[in-house]
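Novice: could you work out the structure for the sequence below:
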Amino acid sequence: MRGSDDAQMVPNGLHDELALYESPAEYRLEPVVRTSDTRALTVDRSTGEISRSSRTIYGVLGILSLSTCDYLIVITGRERRGLIFGHIVYRATDFAVLPIALPPVPDHPVERHLLALVRTHLKTATFWFSYGWDLTTKLQNQQPDSAAPLWQQATDRFFWNKYLHSRLIDITLSDPSQDCSKFILPVLYGSFDIRPAKINSSSFLFCLISRRSRFRAGTRYFARGIDTQGNVANFNETEQLVLLAPSSSSLSGSHPEVFSYIQIRGSVPLFWTEINTLRYRPDLQIMDVGATQHALRAHLMDLKLHYGEVVLVNLVNQVGYEMPVKDAFEHAVEEVMEGSTGLTVGGGGKVDGIRYEYFDFHKECKGMRWDRIQLLVERLQEQLDAHGWFHVSANSPIPIQTQRGVVRTNCMDCLDRTNVVQSTLGKRVLEKQLRVIGILNEGEGIDGTDFLPIFRNVWADHADYVSNAYSGSGALKADFTRTGVRTKEGALRDGMNSVTRYLKNNYFDGPRQDAFDLMTGAWAARRAPSMSTALLVDRRPLLIRAMPHIAAFSIFMILAGLTLPRTSEYSLVYYHAIWFSFLAVALFFISQHGTAYVAWPRLNASAVRDVLMYDGPGYRSRQHGRGFSGKDGKKGGGVRMGHLGSEKGSVGRMEEVEMGEKKRLE
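Specialist: Residues are numbered from 1 along each chain as shown. Sure thing, here's the model as predicted:
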C-alpha cells in the first residue's frame, strides 16, 4: 500500500505515514514506506492474529491513561500548510483515540467524561508537525546536521505532547534495543504561516511561527500568573522568518539569506488571578507570598538563559482596575533587582541583563491614535538594535549575526495589546533586515508595497490563533493589525468577541481547563473510577441548582401570557406581576451567588477551593458573587503591600488566593 503524494523520506528517519492494524489483541503500526531496517510498533492488548484491515495514520500523538484504560492517540488527518527548508509542515486535522485494554472498556460515566475532554481538546486545538524539521525550536538553536532523533532535538517547553509520549520515551531511554524514536512525533501547539512575497522585484518567503508552552497551560481566567518553578501562563514564543528566494542559477536550491527574529509574551509573573463571578469584570486577586521573589527570579533567569538580555514591556493600565497588577509587577521587579546584578528598572544608560519598560497603551493610544505606539518603539530603539536578530547566509559557514536579547511583552491577557505591539516591533525589525540585503533602500519601508497586506494578515491570523487558544475568541484590535488603522467596524467586531469571551470564560472554560490539565499531565487519572465520581456529581445546595430553572420557567410563563390566545377578560397584570417577581428574585439570587454558577475546573478541584476560601496577605478587589452572608461588596483594611496600598487605587482587602500549581513535567 502506497502513501499519499505528500509522503517523503526525511533525514532523521521519522515515519511520515503509518499503517494501523487492529485486532482484538493488539494495535500494530507499520510504516507505509518500508526500508531495510523498518520495524513495527506493537501495543499489546492480549494475544491473537493481526487483522488484514488497516488504515493510514500520520503519526502517534501519544498514550494517555484514564480511569479504566490506556488509550493510544494517533493522527488520522493532516493538511499540508507549507514547505520550509525543504520540509513539509502539516496541521493535524483529525485524530483517533483507541482503547488498549481488553476486555472492552466498561461504559463508565467517568471514563466517558474524560474521553469527551480529550476529544474536545483534540478538536479545538491547533497542532502542527513536520517529519524532518523541528518546529518547536527557534532557528538560531537548530542543529540541522544532528543525528539525534527529532524528539531529542525538540525544545522541552514547546514539545506539547511530551507527556503523552513519556511511556515511549522511557522505553527508548531504558532499553536501546527497543528504540521507539521513529514513532515519537513532537507536536507544536500554536500557529504556522508561510507566504511568498515580492518587493522591488526581489522574491522571498515570509514566515511566522508561534509556540505555546505546555507549562502552566490553560484558559484565560483559570491560568494566570506564575508558578513556583517560574513558569507563567500563556507563554508564547513568536518567530518571524524571512527566507530570500534562491536565484535561478543556484544549484543547491537553498535560500541564500535567512533572517529570524524572536519575541515572547507571558502573563504578569506574579501570583495573581481573576475570579469569575458572572460579572463582566472578575474579582482581582494578587498574592503577596514568600515564593514570589524566588519564582520571579527563576522566571527571569530562565529567560536570560534561553534568550539573552530581556526587556520587560508592561502594557497594563496605570489607573483603575488594572493598576494594582502594574504596581505589584514593578514592586516585585524592584525587590528582585535589589539582590541581583544586571537587573535594571526604567530608562537611561546602558542596560545589562534585564530592563523594565512601562507603556500605558490605552492612555497613549486614546481616541484610536494607534500611531502613537511608535513612541514605545523609539524608547526601545537602543535595546532593539543591541539585541539584533539571527542571520545566516549560504556564503558563510557560520551565522553572520545572532540575536542577543528579546522583548517580553505583556498586558493583562497577553493578547490584544500585546499583539499590536509585537506586530509593530516585528515590522520595524523586518524593514531593517530587508535593507541589509538590499531589498529595501535606506529610509524605505514596506508601507505602500504589495507586501504590506501580506504582513498584516499573517500577523492578524497569528493573533487570532493565540487568542482562541487562551480566551476562546479571536483577537481584539485585529482591524489595526490587518489594516494599520482603527475602525468603527473593528470596534463593533471587538464588542462581539468580548461577548463571546464572557460567555466562554464563565460557562465553558472549566471543562476546557480540565482538558489542558489532562493532556499536559497536570492531572493524572486514578485507576479507580468510583473514586472519581465526584467529577460528575453536582454538590451545590438544592436552592442554588433550582434558581436557573425558576428563572427559565418564569420567562416561559411570561411569554406564554403574552403570546397564547386568551379565553378570559380578566386582566393579566397580577399574573405578569407574579412571574416578573419570581424572575427578578431568581436573577438577583443568581447575581449574588455568581461563583456558584461559573463552570469551574473539576479535575484540580482543590485549587478552586483555595481560590474561593483562602484568606491571606496581598490585594483583593471588591468581592462579588459570594452569597448574602459572604463578603460581597465589603471593603477592608489590613496590611498594605508596599506602594500597592495607595488610597487612590487600593480599596480591597488584602487576601491571598492560590490558583493551584502545575508541576513542571519533564
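Novice: can I see the domain layout of this protein?
Specialist: As assigned by automatic domain parsing, the chain contains the domains 18-183, 190-520, 529-645.
Novice: export those to TSV and tack on mean pLDDT?
Specialist: Below are the domains of the chain laid out as TSV (pLDDT from 0 to 100):
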stretch	mean pLDDT
domain 18-183	87
domain 190-520	90
domain 529-645	80
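Novice: could those domains be laid out in JSON lines, adding mean neighbour count?
Specialist: In short, each C-beta sits where N, CA and C put it, glycine included. Below are those laid out as JSON lines (neighbours: other CB atoms under 10 Å):
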{"stretch": "domain 18-183", "mean neighbour count": "17"}
{"stretch": "domain 190-520", "mean neighbour count": "19"}
{"stretch": "domain 529-645", "mean neighbour count": "15"}
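Novice: which residues sit in contact with Arg195?
Specialist: Contacts for Arg195 (CB atoms under 8 Å, 6 or more residues apart in numbering) come out as Leu205, Phe206, Cys207, Ile454, Val458.
Novice: out of these, which are inside strands?
Specialist: Within the contacts of Arg195, residues falling in strands by DSSP state E are Leu205, Phe206, Cys207.
Novice: CSV for these, including distance to Leu241?
Specialist: Below are the ones in strands among the contacts of Arg195 laid out as CSV (distance: CB to CB, whole Å):
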residue, distance to Leu241
Leu205, 8
Phe206, 7
Cys207, 4
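Novice: what is the nearest of those residues to Ala25?
Specialist: Ala25 lies nearest to Cys207 out of the ones in strands among the contacts of Arg195, by CB to CB, at 45.1 Å.
Novice: strand partners (parallel or antiparallel) of the strand of greatest length in the chain?
Specialist: Counting residues, the longest strand in the chain under DSSP E turns out to be strand 70-84. Looking at strand 70-84 with DSSP bridges, its partner strands are strand 59-65 (antiparallel), strand 87-99 (antiparallel).
Novice: just send those strands back as JSON lines, with distance to Gly426 too.
Specialist: Listed next are the strands paired with strand 70-84 as JSON lines, based on distance: least, CB to CB, whole Å:
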{"stretch": "strand 59-65", "distance to Gly426": "31"}
{"stretch": "strand 87-99", "distance to Gly426": "20"}
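Novice: any idea how far Ser396 lies from Gly308?
Specialist: For Ser396, the distance to Gly308 (CB to CB, to the nearest Å) stands at 21 Å.
Novice: equivalent analysis for Gly445, please.
Specialist: From Gly445 to Gly308 the distance is 27 Å (CB to CB).
Novice: with Leu492 instead?
Specialist: Distance, Leu492 to Gly308, using CB to CB: 42 Å.
Novice: cool, Asp371 as well?
Specialist: 30 Å.
Novice: cool, Pro109 as well?
Specialist: 51 Å.
Novice: likewise Thr409?
Specialist: Distance, Thr409 to Gly308, by CB to CB: 16 Å.
Novice: tabulate the contacts of Arg195 (CSV), appending distance to Leu384.
Specialist: Converted to CSV, the contacts of Arg195 look like this (distance: CB to CB, whole Å):
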residue, distance to Leu384
Leu205, 23
Phe206, 19
Cys207, 20
Ile454, 23
Val458, 20
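Novice: closest to Arg620 among those residues?
Specialist: Distance to Arg620, by CB to CB, is smallest for Val458 among the contacts of Arg195, at 41.0 Å.
Novice: residues contacting the closest one?
Specialist: Asp193, Arg195, Phe206, Leu208.
Novice: do the same with Gly472
Specialist: Thr219, Arg220, Thr500, Arg501, Lys504, Asn505, Phe508, Asp509, Arg512.
Novice: wait, Phe359 touches Leu376, no?
Specialist: Yes: contact criterion CB atoms under 8 Å: Phe359 and Leu376 qualify, at 4.6 Å.
Novice: joint contacts of the two?
Specialist: Taking CB under 8 Å, 6+ apart as the criterion, Phe359 and Leu376 both touch Val313, Val421.
Novice: quick check on Pro256: phi, psi?
Specialist: As for Pro256, its main-chain torsions (degrees, to the nearest 10) stand at phi -70, psi -30.
Novice: measure it to Glu444 for me?
Specialist: Distance from Pro256 to Glu444, by CB to CB: 21 Å.
Novice: Gly86 too?
Specialist: Per CB to CB, Gly86 is found 31 Å from Glu444.
Novice: ok, Pro176 next?
Specialist: 56 Å.
Novice: on that earlier part again, mark which of the contacts of Gly472 are part of strands, please.
Specialist: Using DSSP E, no member of the contacts of Gly472 sits in strands.
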